[in-house]
Structures are given as C-alpha cells and as structure tokens.
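> quick one, what's the 3D model for this:
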Amino acid sequence: MQEISVVEIPLMDMLSMSIVVLFVGMYLNRKINFLKNNYIPPAVTGGLLFATGVTLLYSFADMQLEFDMRLRDILLLVFFSTIGLSARFSTLAAGGKALLVLTVIAGIFLILQNSVGVAIALSRDVNPGWGLIAGSIPFAGGHGTAIAWGQVAEDNGLKGAASIGLAFATFGLVAGGLIGGPIARLLIERRQIAMPAPQDTESPADSLSGMLEGGSGDWLFNVLMSILVLALCVSLGDIVNRNLSELGLRLPGFLTSMMVGIVIINTSDLLRKPLQMEFVEKLSALSLNIFLAMSMMAIQLWTLTAAAEAIFIVLVLQILLMTLFAIYVVFRVMGSDYDAVVIATGFAGMGLGATPVAIANMSAITSQYGNSTKAFLIVPLVGAFFIDILNAGTIKLFIQIIQNFLA
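You can find the predicted model right below:
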C-alpha cells in the first residue's frame, strides 16, 4: 500500500476555504429544489460536498488533508457568547415553563435513544454495552462525549469503542442537519401552522447604508463594542472555566462563555446601559455558519467504511426514532404552533448531532418564515447545559442496568 502524504491546511487557508464552502452551499441550495424546500443548512450542503472531495483525494491520490481547527474552536465560543448575550432574565422568565418542559422531554428521549441502542446490540448478540455507544453517548453527547466514554468502554473490554463512537457522532452530526428541515416542512404543510407576521427585510446594501447613516464614527463604535463584548465573554469564560476546573467542576468551555454573556447583558440592563445587539446578532450568524462549515469539511468519511453495516442500521433506527419523537412528542407538547415547529427542528439537530446543528436548523426555518424567540432561547440552553447533565445520569443508569444484566 502506498504511503499516505499528509497536507496541512493552515488557519487562514481553512478560513478562506470554509467561506468558499458556504458560498457553494448557498448556491446549491438556491438551485436545487430539494435542498431549498427542505431548508438544508448551506454549511451542511457545501461541507458534505467538500468532505466527499477530500475522501476522493485520500482514496485515489493517497493524500490526506489535516486542518488547523483553532479558529473553529474560537468561533464556537463566540457563537455561544452571542447566545448568552441574548438571554435577558425577563425573557428567561417568560420561557421558564417551556424550558422545564423541554428539559423533561429531552430526558425521556435520552432513555429511548439508549433503549434503541441496547436493543440493537442484543439483537446482534453482542455486549449490550455497545448499545450505549450506539445511543446517547455519540448522538446526544457528540464527539467529546464519544471520545470520553469510548475510552472508558475500551478500558472495560469493548475494543474500538472510541472509533465507532466517533463514527456515530459524525454521521449523527450530518443526519441532524439533514432531517430538521423536512420535519419542519411536514409539520407546516400538514398541520397548517399559522406563520408569524411578515417582517421587513433589507438587502446587504441597505443594511450597510443604514449602519453608515449616523456617521462612520457611530458605526465603528458599535462594531468595536460588539467585538469587545464578545472577546470579554470568551476570555473571561476561559478564566472562569479554569478556576472551576481547579475546584473539580469540569464544564465545557462554551458553557462558561455563555454564562459570562448572560451576566454581561443582564448587568448592562440593570445599569440601564443596554448593549447594541444589532451587530452581535450578525456576528452570531457569521460564527455559527463558519463553525459548522469547518466541522463538516473536517469529516473523514473514509474512516467510517469498516463499520458501514452497523452504522447504517443504527442510523436508520435512530433517525426514525428522532423523527417520530420530534413530530408526535416535541411538537405537540411544546404547543403545536410555529414556535413548536422551530423547537422540534432544533431538537432533531440537538438529539442527533450537536447544539450548533440545532441552531443551524432553526435558522434555516426562521430565515424563511420569521423569528422564534422562544425556540432560540430554550433549545440552546437545553442543548448547551441540561442535556449533558441528563445524558451523564442516563448513561450511568444504563451502565448499572447492563452490569446487573450481565451479572
């Protein structure tokens, strides 16, 4: 076998390529009715196409691309900082009951997701512990949880669990971005959902004209203030995270950045010095799309072929479970209205992929029909914090059940 040559893609090249990938995804989404009608995020469209090209290079040219992903990691922190900056206490109080309900729903879904995984493992006559690797560990948990628990599983005799978990997490990321739009379309068309009142839209040229209308100094001040606040969220969030880690409390970096954002926005309101959020919202959309594009571009599809059959079976069943749960449980329990449609779409991305996928799914819907403040408040909070706590508890519960079963 010919030796694989590794080509390293530096940070700025990665940024340029990700923007081109987004442009390609936007173009294809406009031209291909299936993509447009099902609200597939442009980052998923362009990123999958790019990942396929990278796989062809690996397979036929013996060339592997390795990307500098430091900027992607920073963009994740920036994005969740913008989520925190949108979480005013007055809004949180308004959505308190919905947040509690969605958290309970998420807990129920995690139990079902692991039950499906364990059932698949038992049907294939393998250790039922593999069911957790095909359940909430990679799907609701994502790549980080798959690596962490996969290593624990390997230490307990499940060889290759980390690699399989990463494969499930990767395809879950893709599936979460692909099924959200069709779920929303099905609900909107069949349930005849009342859409929100139309909002005025403006072209990029109109937006730029409006920003400059008050003078270049005002425009520059507002942009710089937005960047400063986001930088503070990221840097202070890192300081908080490191101090909590020293105390034994380990939290994801994006969660502490979001917490700092919540403190900043509510402190500014308390001092009656409200922040200008127009540019923060634009930076939120920008960071999310580039982050997701980079994540999709870096998927190494060739690493997943060895377990293709098992991955296919698990994916089909988990996607079916998610689709039915989003339509018949999440949508109905959350109110059967437009907000519920957006929440169900986000839940699909969150439960199969990751919170940024959930946001991308919801953004694709709201860009067509109008904003959903309720959805954009509670889904990120559940996905960024509560679901990780619920998932850890659910995994430990199933491990205990499996141990008792094998005893």
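> can you count the residues close to residue 271?
By the measure other CB atoms under 10 Å, the count of residues near residue 271 is 8. Glycine gets a C-beta too; all of them are placed from N, C-alpha and C.
> for it, grab phi and psi.
phi -80, psi 0 (degrees, to the nearest 10).
> before we move on, what about residue 299?
When read as degrees, to the nearest 10, the backbone of residue 299 gives phi -70, psi 130.
> tell me the secondary structure at the residue nearest to it when sequence neighbours are not counted.
Nearest in space to residue 299, with sequence neighbours left out and distances taken as CB to CB, 6 or more residues apart in numbering, is residue 51 at 4.5 Å. Under DSSP: H, G, I helix; E, B strand; the rest coil, residue 51 falls in the helix class.
> just the CA atoms of stretch 132-141, as PDB, please.
Only the C-alpha atoms of stretch 132-141 are listed here, as PDB (Å, rounded to 0.1, in the frame of the first residue of the first chain):
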ATOM      1  CA  LEU A 132     -24.700   2.900  24.700                       C
ATOM      2  CA  ILE A 133     -22.000   3.500  22.000                       C
ATOM      3  CA  ALA A 134     -24.900   3.400  19.500                       C
ATOM      4  CA  GLY A 135     -27.100   5.500  21.700                       C
ATOM      5  CA  SER A 136     -26.900   8.800  23.600                       C
ATOM      6  CA  ILE A 137     -23.100   8.800  24.000                       C
ATOM      7  CA  PRO A 138     -22.300   9.700  20.400                       C
ATOM      8  CA  PHE A 139     -25.600  11.200  19.300                       C
ATOM      9  CA  ALA A 140     -26.900  13.500  22.000                       C
ATOM     10  CA  GLY A 141     -23.400  13.600  23.500                       C
END
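> off-centre distance for it?
15 Å (CA atoms, centre = their mean, to the nearest Å).
> which residues does it contact?
If you take CB atoms under 8 Å, 6 or more residues apart in numbering as the criterion, stretch 132-141 is touched by 106, 109-110, 113-118, 120-121, 145-146, 149-150, 153, 158, 161, 164-169, 172, 310, 314, 318, 350-353, 387-388, 391, 394-395, 398-399, 402.
> go again with 6 Å.
110, 113-114, 117, 120, 145-146, 149, 161, 164-165, 168-169, 172, 314, 351-352, 387, 391, 398 (CB atoms under 6 Å, 6 or more residues apart in numbering).
> burial count for the residue nearest to residue 299?
Residue 51 - counted by other CB under 10 Å - has 21 other residues nearby.
> any idea how far residue 294 is from it?
Using CB to CB, to the nearest Å, one obtains 11 Å as the distance from residue 51 to residue 294.
> so which bits of the helix or strand containing residue 320 are buried?
Element membership of residue 320, judged by DSSP states H and E, is helix 308-325. Neighbour-count burial for helix 308-325, with 16 or more other CB atoms under 10 Å as criterion, is recorded at 310, 311, 314, 315, 317, 318, 319, 321, 322, 323, 325.
> can you tell me the closest non-neighbouring residue to the fifth one?
Which is residue 317. The shortest distance from residue 317 to any non-neighbouring residue, by CB to CB, 6+ apart, is to residue 116 (5.5 Å).
> how does the protein divide into domains?
Following automatic domain parsing, one finds the domains of the chain at 5-197+283-406, 206-282.
> tell me the strands in this protein, going along the chain?
5-9, 63-67 (DSSP state E).
> out of the ones you listed, deepest packed?
Across the strands of the chain, the average number of neighbours (mean count of other CB atoms under 10 Å) peaks for strand 63-67, which reaches a mean of 16.
> pairing partners for it, with directions?
Paired strands of strand 63-67, with direction, are strand 5-9 (parallel) (DSSP bridges).
> give me the contacts around the strand it pairs with.
Counting by CB under 6 Å, 6+ apart, 63, 64, 65, 66, 67 sit against strand 5-9.
> how about that strand as CSV, C-alpha atoms only?
Provided in CSV are the C-alpha atoms of strand 5-9 (Å, rounded to 0.1, in the frame of the first residue of the first chain):
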residue,chain,number,x,y,z
SER,A,5,1.0,12.0,2.1
VAL,A,6,-0.4,14.5,4.7
VAL,A,7,-1.1,18.1,3.6
GLU,A,8,-1.5,20.5,6.4
ILE,A,9,-4.0,23.3,5.9
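> thank you kindly, that will do.
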